[in-house]
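>>> quick check, what structure comes out for this input:
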Amino acid sequence: MKAARWHGAKDIRVEDIDAPTPGAGEIRIKVAWTGICGSDLHEYLAGPIFVPVGDAHPLSHDKAPITMGHEFSGVVTELGEGVTDLAVGDRVAIEPIFSCDDCAACRAGLYNLCDKLGFVGLSGGHGGFAAYSVVPARMAHKIPDELSIDQGALVEPAAVAVHAVRISQINVGDKAAVFGAGPIGLLVVEALRAAGASEIHVVEPSETRRAKALDLGATSAIDPGDTDPVQAILAATGIGVDVAFEVTGVAPVLPQAIDSTRYEGQTLVVSIWEGEASFQPNTVVLRERQIKGTIAYRHIYPAVMELMRQGYFAAEKLVTKRIALDDIVAEGFETLVAEKSQIKILVEAPD
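Numbers count the residues shown, from 1 in each chain. The predicted structure follows:
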């Protein structure tokens, strides 16, 4: 079967590999759609970040080259021994987390904080940029009949956004800022709407993405190239926002996000970083502000799909391009680098 495999930075190849076979407790799925994530783009441009190179990942037991793709949906085609809660023909969205189930975080139910955390399609395993994938049955969540199978490929990134809002200190009626209106930033906007935020101020240099943020319910969309975003947010809110979400991974943005919050405000760092960032600690100390990180999600896929049934995170509003697997580098990764008007690109699996 065809699969897009990471060999190194700027070196993703569509190759023929053997189709996987499910073992005990696993399922095989015919992949339908897979989204290109910002994490995939980081691996393409500056990896390895999550991709294991040299030593195999302790849970996937794989190392580069690995088949990429972790935002995917598909149809169950085969059940491994012992799988009873799924059936051939079920449409599923994949929760692509590797966790050990044994460390302190896993025992506490916080499997996204596992000591050996990994992701299918980043840390090994059978990623979604392929015709078929095999995953543990517990990673598969049935897609409600009301949702399309391409909508299922958006469950994973939407789960990142919903989890970020859930673990923040945002309350109904609070004010928020979102720095970065890429796919995750826009999903955070929608998650904030669902959580009852009264104001959502978005900071984003792309005119197209600013317009999309407003379309999805943002109160304002600020161009940081024309306006000081901190001053604009302070002017709009009086004292700053309750929570700022940093979703860019761009070093100068982190102190801006912190400075946009009120006293006792919180900055939630959502993005994955390729390098270091700095800020003046007194800006946190003298206002008793908080900085908190978030990674992935936990125990959240059913809630995300229910929000989708209610109209949130709609594919028709977020997907800007659909491509074939053979075109994943030129029409996918390189397009995302060159065209900031793109939001979510979905890759259709080959037959």
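>>> just the helices in this protein please.
38-46, 104-107, 149-152, 155-167, 183-195, 207-215, 229-237, 253-259, 282-285, 301-309, 315-318, 334-338 (DSSP state H).
>>> ok, His163 touching Ala296?
Yes - when contacts are counted by Cβ atoms under 8 Å, His163 is listed as touching Ala296 (7.0 Å). To be clear about C-beta, it is placed using only N, CA and C from the backbone, and glycine gets the same treatment.
>>> anything in contact with each of those two?
Common contact partners of His163 and Ala296 (Cβ atoms under 8 Å, 6 or more residues apart in numbering): Asn112.
>>> geometric centre of the chain: which residue is closest?
Here the mean C-alpha position of the chain is nearest to the C-alpha of Pro157 (Cα atoms, centre = their mean), at a distance of 3.5 Å.
>>> where does the stretch 51-200 of the chain dip in pLDDT?
Counting by pLDDT under 70, the stretch 51-200 of the chain contains no low-confidence range.
>>> for Gln280, see how far away the residue of the chain positioned farthest from its centre is.
Within the chain, Leu286 marks the point farthest from the mean C-alpha position, 32.9 Å out by Cα atoms, centre = their mean. To Gln280, Leu286 is 10 Å away according to Cβ to Cβ, to the nearest Å.
>>> and Ala314, by the same measure?
Ala314 is 40 Å from Gln280, by Cβ to Cβ.
>>> spit out the contact partners of Gly125.
60, 62, 66-67, 96, 98, 118, 133, 135.
>>> and it, how far from Ile66?
8 Å.
>>> and what of Lys321?
According to Cβ to Cβ, Lys321 and Ile66 sit 24 Å apart.
>>> comparing these two, which shows the higher neighbour count?
The neighbour comparison of Lys321 against Ile66 (other Cβ atoms under 10 Å) goes to Ile66, with 27 against 16.
>>> residue contacts, the residue nearest to that one when sequence neighbours are not counted?
Spatial nearest neighbour of Ile66, chain neighbours left out: Gly124 (5.0 Å); criterion: Cβ to Cβ, 6 or more residues apart in numbering. The contact partners of Gly124, by Cβ under 8 Å, 6+ apart, come to 52, 56-57, 60-63, 66, 98, 118.
>>> among these, name the ones in strands.
The strands in this structure, assigned by DSSP state E, contain 66, 98, 118 from those.
>>> so how far is Tyr132 from the second one?
By that I understand Phe98. Phe98 is 19 Å from Tyr132, by Cβ to Cβ.
>>> neighbours around the residue nearest to Glu246 when sequence neighbours are not counted, how many?
Among residues not flanking Glu246 along the chain, Ala257 sits closest, at 4.4 Å (Cβ to Cβ, 6+ apart). Neighbourhood size, Ala257 [other Cβ under 10 Å]: 30.
>>> enumerate every residue touching Ala257.
177, 179, 244-246, 267 are the contacts of Ala257 under Cβ under 8 Å, 6+ apart.
>>> need those residues in JSON lines (columns: neighbour count and distance to Asp351).
Output for these, formatted as JSON lines (neighbours: other Cβ atoms under 10 Å; distance: Cβ to Cβ, whole Å):
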{"residue": "Ala177", "neighbour count": "33", "distance to Asp351": "45"}
{"residue": "Phe179", "neighbour count": "28", "distance to Asp351": "41"}
{"residue": "Ala244", "neighbour count": "33", "distance to Asp351": "45"}
{"residue": "Phe245", "neighbour count": "32", "distance to Asp351": "40"}
{"residue": "Glu246", "neighbour count": "28", "distance to Asp351": "41"}
{"residue": "Thr267", "neighbour count": "27", "distance to Asp351": "46"}
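>>> okay then, goodbye and thanks.
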